[in-house]
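**Student:** dropping the sequence and predicted coords here.
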Amino acid sequence: MYELFENLGSWLVSGDQWSGTDGIAHRLAEHLQYSLLATLVAAAIALPVGLLIGHTGRGAFLAINLASFGRALPTVGLVVLVFLASGLSMWPVYIALVALAVPSIVTNTYAGMNAVDADVKDAARGQGMRGHQVLLQVELPLALPLIMTGLRLALIQVVATATIAAYVSFGGLGRYVFDGLAQRDLVQVLGGAVLVAVVAVVLDLALSALQRVLFRHRPA
Amino acid sequence: MTVDWSWIGDHTDDLTSLTVSHLEAALTAVLLGLLISLPLAVLAHRVRPLRGLLLGLSNVLFTIPSIAVFVLLLPVSGLTRTTTVIGLTIYTLVVLLRNTVEGLDSVPARTKEAAKAMGTRPLRTLLTVELPLALPVIMAGVRIATVMSISLVSVATYIGDGGLGQLFTDGFQRDFPTPVIVGVVLTLLLALVADALLVAVQYALTPWTRRRA
């Protein structure tokens, strides 16, 4: 057991391991590319939907059920299914990752909008603000902390799950996990897993620091 | 992409045993998760300094990818069902711990004081007053944890287990979509049915929440 961790340590810090196409630096860049692009696309879809549902109060039932449907959808199955339908392309990875991220963002955006005090919205309307002004100048700023929580949650899930890209023969840090599993090389598998976990934790800490800086003036 | 219906007919036995094994793994994990998170949540609720630590720790556990969790457990428990269950349990802890603490927090202080004034001892207050009142929030956590576990079991297909997840690897390796479609549909159905049953359980356990309607 001790030896395993020692080997893992030397795997992680060895210079050879970090360079080249199969090096950690390159795989890390791929992993970040998949994760960030998928989260951005998911945000572009989910934010307007969540804001609209929260603002109008219509479709909440649908959104909540959709989210729980999304949680139930097995990502591995989705990736394989899209892979078999589309052949060798990045579609399976991106579709699965976006499908994973959308529910978290929609539910948290909706929850944030829903938590805005009705009196505050009434006051805004009473001052003559129009619907879109209430949405953009009152509801959105007040809902932002929860919206950010949703984005963070989605990003963590996506980073963790982007490992799956390697299963359908693409890159990313999952390469080490799946290659290691195939070669019965536990050190490589563990190395990949540790790297993914570190990336997820670091991104989450970075986003929560950003969140603290952006909303310093407001109690959490 | 067409469904080969005769494949389904020929494999009903396999499908049944995979479904049972799938459900077993998910439910064991949720039960273990509850057993672990209940005492921890009570501790986190009562001892303030522990609260941040426990909730923070469970959040970090959540950031570890599920495939990584299973793989990291390999040196400990190998390619076994135990690995699957431990991995899933770790995931359920995040949701269960947070919701149970939040549920206990939501019990009004006045209610606890009333119980105290009536001479109810702390343990009894916990069991007969606090936990029942926290039940709706705890059950919300149980529902999320259950649906999540059912969906996650299939990831364990990479370590040779995975219940219905085995249909995904099978379909992938043979370039044959039917098992994959069947696996996805059965997983969704399992999650749907389990969720509906939990709603019914909660309805039966919390008669006082219904009176408002």
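**Tutor:** Alright, I've got the coordinates.
**Student:** A:S35 is in contact with A:I156, isn't it?
**Tutor:** No - at 9.5 Å, A:S35 does not count as touching A:I156 under the criterion of C-beta atoms under 8 Å. From N, CA and C alone the C-beta is placed, and that goes for glycine too.
**Student:** what touches both of these two?
**Tutor:** A:L203 (C-beta atoms under 8 Å, 6 or more residues apart in numbering or on different chains).
**Student:** compare those two and say which is more crowded by neighbours.
**Tutor:** Taking other C-beta atoms under 10 Å in any protein chain shown, A:S35 and A:I156 do not tie; A:S35 has more neighbours (28 against 25).
**Student:** now the worst-scoring helix or strand of chain A on mean pLDDT, how far from the chain's geometric center?
**Tutor:** Lowest on mean pLDDT, DSSP states H and E among the helices and strands of chain A sits helix A:15-18, with a mean of 78. Centroid displacement of helix A:15-18 relative to its chain, using C-alpha atoms, centre = their mean, to the nearest Å, is 28 Å.
**Student:** alongside chain B, which residues does chain A contribute?
**Tutor:** A:1, A:4, A:68-69, A:71-78, A:80-81, A:83-85, A:156, A:159-161, A:163-164, A:167, A:174, A:177-178, A:181, A:186, A:189-190, A:192-194, A:196-197, A:200-201, A:204 (C-beta under 8 Å from any C-beta of the partner chain).
**Student:** give me the subset of those lying in strands.
**Tutor:** Secondary structure from DSSP state E places none of the residues of chain A next to chain B in strands.
**Student:** for PyMOL, what selects the buried ones among the residues you listed?
**Tutor:** Only the buried entries of the residues of chain A next to chain B go into this PyMOL selection, using 16 or more other C-beta atoms under 10 Å in any protein chain shown:
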select buried, chain A and resi 68+71+72+73+74+75+76+77+78+80+81+83+84+156+159+160+161+163+164+167+174+177+178+181+186+189+190+192+193+194+196+197+200+201+204
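**Student:** just the ones in helices from the residues of chain A next to chain B, please.
**Tutor:** Among the residues of chain A next to chain B, DSSP state H puts A:4, A:68-69, A:71-72, A:75-78, A:80-81, A:83-85, A:156, A:159-161, A:174, A:177-178, A:181, A:186, A:189-190, A:192-194, A:196-197, A:200-201, A:204 in helices.
**Student:** after the least confident helix or strand of chain A comes which helix or strand?
**Tutor:** Downstream of helix A:15-18, the first helix or strand assigned by DSSP states H and E is helix A:24-56.
**Student:** now do the buried residues in that following helix.
**Tutor:** By neighbour count on 16+ other C-beta under 10 Å, the buried set for helix A:24-56 is A:24, A:26-28, A:30-32, A:34-35, A:37-39, A:41-43, A:46-47, A:49-55.
**Student:** where does pLDDT dip in chain B?
**Tutor:** B:211-213 (pLDDT under 70).
**Student:** can you show me the helices along it?
**Tutor:** With helices called from DSSP H, chain B shows them at B:5-10, B:12-46, B:48-63, B:66-77, B:81-105, B:109-117, B:122-125, B:131-152, B:165-174, B:177-205.
**Student:** tabulate the ones you listed (TSV), appending distance to chain A and mean neighbour count.
**Tutor:** Output for the helices of chain B, formatted as TSV (distance: least, C-beta to the nearest C-beta, whole Å; neighbours: other C-beta atoms under 10 Å in any protein chain shown):
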stretch	distance to chain A	mean neighbour count
helix B:5-10	14	11
helix B:12-46	10	18
helix B:48-63	4	15
helix B:66-77	3	21
helix B:81-105	10	22
helix B:109-117	21	12
helix B:122-125	30	13
helix B:131-152	5	22
helix B:165-174	5	21
helix B:177-205	3	18
